[in-house]
Structures are given as structure tokens and as C-alpha cells.
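> Provided below are the primary sequence and the corresponding predicted coordinates.
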Amino acid sequence: MTDIEICPLKAKYIDGIIAINNMCFSTPWSRESLEKEIEDNIIAKYVVAKKCDILMGYAGMWHILDEGHITNIAVHPEYRGIGVGSLLLDALIEICRIKSINSMTLEVRKSNIIAQNLYKKYGFIEEGIRRFYYADNKEDAIIMWKYNI
């Protein structure tokens with residue numbers, strides 16, 4: 001994993017991000033939404049994982065007051081299980097430390113046990129449920145928080 005680079009998301013990665021987004025999410029964000037996220041570097045903080053010029057995944061969060069709200073973490077299916085998600089989450093946590101963000105939150109599908117386990121490994125705890133949160137199938141979302149970053 002030492003040859004995987006984590007760097008800020010730039011416009012040149014947008015096509016790769018859209019491809020990963022479409023592979024990973026049943027209701028992926030639109031190109032326009034993702035482009036707006038890249039443009040808004042005050043609130044939106046996004047990073048990519050790449051090896052040479054191969055995009056392996058991306059992660060993002062919104063910096064709102066003293067909280068970080070994770071919007072997406074997605075890893076290309078070919079690169080799952082080798083720690084890319086952990087590297088991306090490490091990068092978001094480091095951004096929080098640099099920006100004096102005290103806590104992080106996210107919503108995760110109730111059925112997404114792999115993601116839940118990743119977040120729990122990093123000290124996120126379940127704090128609530130958003131009933132029928134996901135529009136595609138009305139699945140509940142688990143709200144998770146990490147305090148004292």
C-alpha cells in the first residue's frame with residue numbers, strides 16, 4: 001500500500017470519479033453535483049487514492065462549523081480489500097485534525113456491513129437511524145459519529 005498516493009480531488013479526475021460512483025452506488029451523484037463539490041473547496045473536502053495514474057477510489061466530506069460530514073467513500077471494485085478505504089478515511093481524519101474539526105458524522109446503509117465495520121474500526125459509533133433515508137429502496141440509514149478527533 002505504500003505506493004498508493006492520496007491527493008486532493010481535482011477536475012482532471014472527474015470522469016474516473018463518475019465511473020467509480022456509478023459502480024459503487026445505486027443512486028450515484030450527478031456529474032454536475034460532483035463538479036460543484038470540486039469547485040467548493042471551502043466546505044467540500046475531497047481526496048482521491050491513486051496508483052500511478054490509476055484512480056482507485058475517492059472520499060469526501062463537508063466541513064460545517066466544527067464537524068466533518070462524510071458524504072462519500074467509494075473504492076473501485078477491483079481495488080477493494082487492500083486498504084484503500086482505510087487510507088481514504090485516514091486522509092479525511094487528518095483533514096479534520098488540521099482544520100480543528102472536533103467530530104465527524106455520516107449516514108450508511110443499514111445493509112452495508114462492510115462500511116459499518118470500517119467506520120467502527122476507526123471509532124465511529126451508532127447514534128441513530130434515519131428511517132427510509134435512501135430514495136431508491138427506502139432503506140434505513142444508520143447515523144454514526146466519531147468524537148474527539
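Nice, I can see it.
> Just the CA trace of the helix or strand where L106 lies, in CSV.
L106 is part of strand 103-109 when elements are defined by DSSP states H and E. The C-alpha coordinates for strand 103-109 follow below in CSV (Å, rounded to 0.1, in the frame of the first residue of the first chain):
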residue,chain,number,x,y,z
SER,A,103,-16.2,15.4,15.4
MET,A,104,-17.3,13.5,12.2
THR,A,105,-20.6,12.1,11.2
LEU,A,106,-22.1,10.1,8.3
GLU,A,107,-25.0,8.0,7.2
VAL,A,108,-24.5,4.5,6.0
ARG,A,109,-27.0,2.0,4.6
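> what's it in contact with?
Defining contact as CB atoms under 8 Å, 6 or more residues apart in numbering, one finds that strand 103-109 is touched by 61, 66-70, 92-93, 96, 115-116, 119, 124, 127, 130, 133-134, 139-149. The C-beta positions use only the backbone N, C-alpha and C, and glycine is treated the same way.
> next one: it to chain centre, how far?
From the chain centre to the centre of strand 103-109 is a distance of 9 Å (CA atoms, centre = their mean, to the nearest Å).
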